[in-house]
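J.: this one's structure only:
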């Protein structure tokens, strides 16, 4: 009785573990949004933005009032001194001191505040760039799954056709119209295509694993893609992106290079500001917990402190010149990169155009190969074609279908790369 109860409980636990697991159903847009919310790289980029924002307040707070307190104790171990014939003992002393300082003027301070705010803008651009990368990587993984499934669907239909022809060949052998060799050749085709189908199924699972990695989910998570291959083909208008004008300033890498130029400009201002004086005010309060024999120091002191750079033997001038050189380098890097981007855009548009043309040709070739196989199959059934003719036609169709699938992937890849260049999500 106890053994039966244990078996029932085990079954119920297994049932709950298998059937209670939610299936993640996603469109391409939902998959991209999900990846952005859960991808560890994107999450780290967001944390870096928060860190940069905290750093701005760190820099700003350096120019706000600063208060410190100090408690000290001194014991001279019974030391005494002679003065005018008198022995003066030096008792232990203890003081509590509070100090408040306020920066009044510093050129470097204001430049530093501006640079820290620029740092926030740059980290925000890096975050957006990371999000865009993850979205396009997720898109590629999503499309890879759909293309593999489309390939599987085509091959499954081919397998059904060749199985029908192989069964017909067996019937023809039994009535003495065809030879056993004809049936064996077609059987080999069936076995070969069955093995190819199993390979495609494994490829689909690998593609799902890549998608799971991009989404940041566990390896056991069940995913269902709610968009079909036809949906994506209809949704992606390649001609629209081919006719789009390239706005260089919209590219995140160009924006980062512009940020480097701005920082280089700020570095020049920072070096120039180092020649200006720094002025600060202070207030000291001292409470003597244990007073010395003679105490001539006041309890309250207020004052100003100015640090004025006078002469540094050309050091500051040299640093300013170095900052100007770094600015020239940053500007040259931007110009060089934008020239490369324009060439890259032309090449990517050429690749996309070429991929679209190849896809149309491969689709037509696949349709022709399909018609050829159907024609040869009918002739084989009527005894006017051999099994070798059927095998050759089927092999040509498989090759045409493989070329068609590869052409689809090339279109998707070329379009994704161009969208990434344009910062299209």
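T.: Perfect, I can see it now. These numbers come from a predicted model, not from an experiment.
J.: Tell me which residues of stretch 234-253 come out buried.
T.: When burial is assessed from 16 or more other C-beta atoms under 10 Å, stretch 234-253 yields the following buried residues: 236, 238, 241, 246, 251, 252, 253. For every residue, glycine as well, the C-beta is placed using N, CA and C.
J.: Check stretch 113-126 too.
T.: 114-126.
J.: Other residues contacting that stretch?
T.: For stretch 113-126, the surrounding residues in contact (C-beta atoms under 8 Å, 6 or more residues apart in numbering) are 45, 48-49, 51-53, 55-56, 58-60, 63, 252, 255-256, 259, 262-263, 266, 270.
J.: List only buried entries from those.
T.: Using 16+ other C-beta under 10 Å as the burial test, the contacts of stretch 113-126 include 45, 48-49, 52, 56, 59, 63, 252, 255-256, 259, 262-263, 266, 270 as buried.
J.: Pull the number of nearby residues for residue 135.
T.: As a burial measure, residue 135 scores 25 neighbours (other C-beta atoms under 10 Å).
J.: Correction: the previous question concerned residue 226.
T.: Residue 226: 11 surrounding residues under other C-beta under 10 Å.
J.: and residue 11, what pLDDT?
T.: Residue 11 is assigned a pLDDT of 45 by the prediction.
J.: whoops, I mixed them up, residue 70
T.: Reading off the model, residue 70 has pLDDT 93.
J.: for residue 273, same thing?
T.: Residue 273 carries a pLDDT value of 88.
J.: how many neighbours does the nearest residue to it once chain neighbours are set aside have?
T.: Sequence neighbours aside, residue 107 is the residue nearest to residue 273 in space, at 3.1 Å (criterion: C-beta to C-beta, 6 or more residues apart in numbering). Per other C-beta under 10 Å, the neighbour tally for residue 107 reads 16.
J.: Surely residue 107 touches residue 266?
T.: No. Residue 107 lies out of contact with residue 266 (C-beta atoms under 8 Å); the separation is 12.0 Å.
J.: And residue 285, which helix or strand is it part of?
T.: For residue 285, the host element (DSSP states H and E) is strand 278-290.
J.: Same check on residue 370?
T.: Per DSSP H and E: helix 315-381 holds residue 370.
J.: and that helix, what other elements does it pack with?
T.: The elements that helix 315-381 packs onto, with contact taken as 3 or more C-beta pairs under 8 Å, 6 or more residues apart in numbering; DSSP states H and E, are helix 107-174, helix 238-242, helix 252-273, helix 387-421.
J.: Let's have those in a markdown table, adding distance to residue 327.
T.: Listed next are the helices and strands packed on helix 315-381 as a markdown table, based on distance: least, C-beta to C-beta, whole Å:
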| stretch | distance to residue 327 |
| --- | --- |
| helix 107-174 | 14 |
| helix 238-242 | 35 |
| helix 252-273 | 4 |
| helix 387-421 | 27 |
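J.: which stretch in those has the least confidence?
T.: Least confident of those, judged by mean pLDDT, is helix 238-242 with a mean of 76.
J.: Distance of the residue nearest in space to the middle of the chain relative to residue 46?
T.: Geometric centre of the chain, nearest residue: residue 130, 3.5 Å, by C-alpha atoms, centre = their mean. Note on residue 130: its distance to residue 46, by C-beta to C-beta, to the nearest Å, is 9 Å.
J.: Which pLDDT value goes with residue 14?
T.: Here the pLDDT value assigned to residue 14 is 45.
J.: do residue 100 as well
T.: pLDDT at residue 100 comes out at 95.
J.: On the three-state scheme, it is what?
T.: strand (DSSP: H, G, I helix; E, B strand; the rest coil).
J.: Would you mind naming the residues that bridge with it?
T.: residue 67, residue 283 (DSSP bridges).
J.: Any figure for the gap between it and residue 286?
T.: Where residue 286 is concerned, residue 100 sits at a distance of 13 Å (C-beta to C-beta).
J.: thinking again about what came up before, and which of the buried ones among the contacts of stretch 113-126 is nearest residue 22?
T.: residue 45 (28.0 Å; C-beta to C-beta).
J.: Compute the number of surrounding residues for the residue lying closest to that closest one once chain neighbours are set aside.
T.: Leaving out its chain neighbours, the residue that sits closest to residue 45 by C-beta to C-beta, 6+ apart is residue 127, at 4.0 Å. For residue 127, the count of nearby residues is 20 (other C-beta under 10 Å).
J.: Go ahead and confirm residue 127 touches residue 47.
T.: No. Residue 127 is beyond contact range of residue 47, at 9.4 Å (criterion: C-beta under 8 Å).
J.: so what sits against both of those two?
T.: With C-beta under 8 Å, 6+ apart, residue 127 and residue 47 have no common neighbours.
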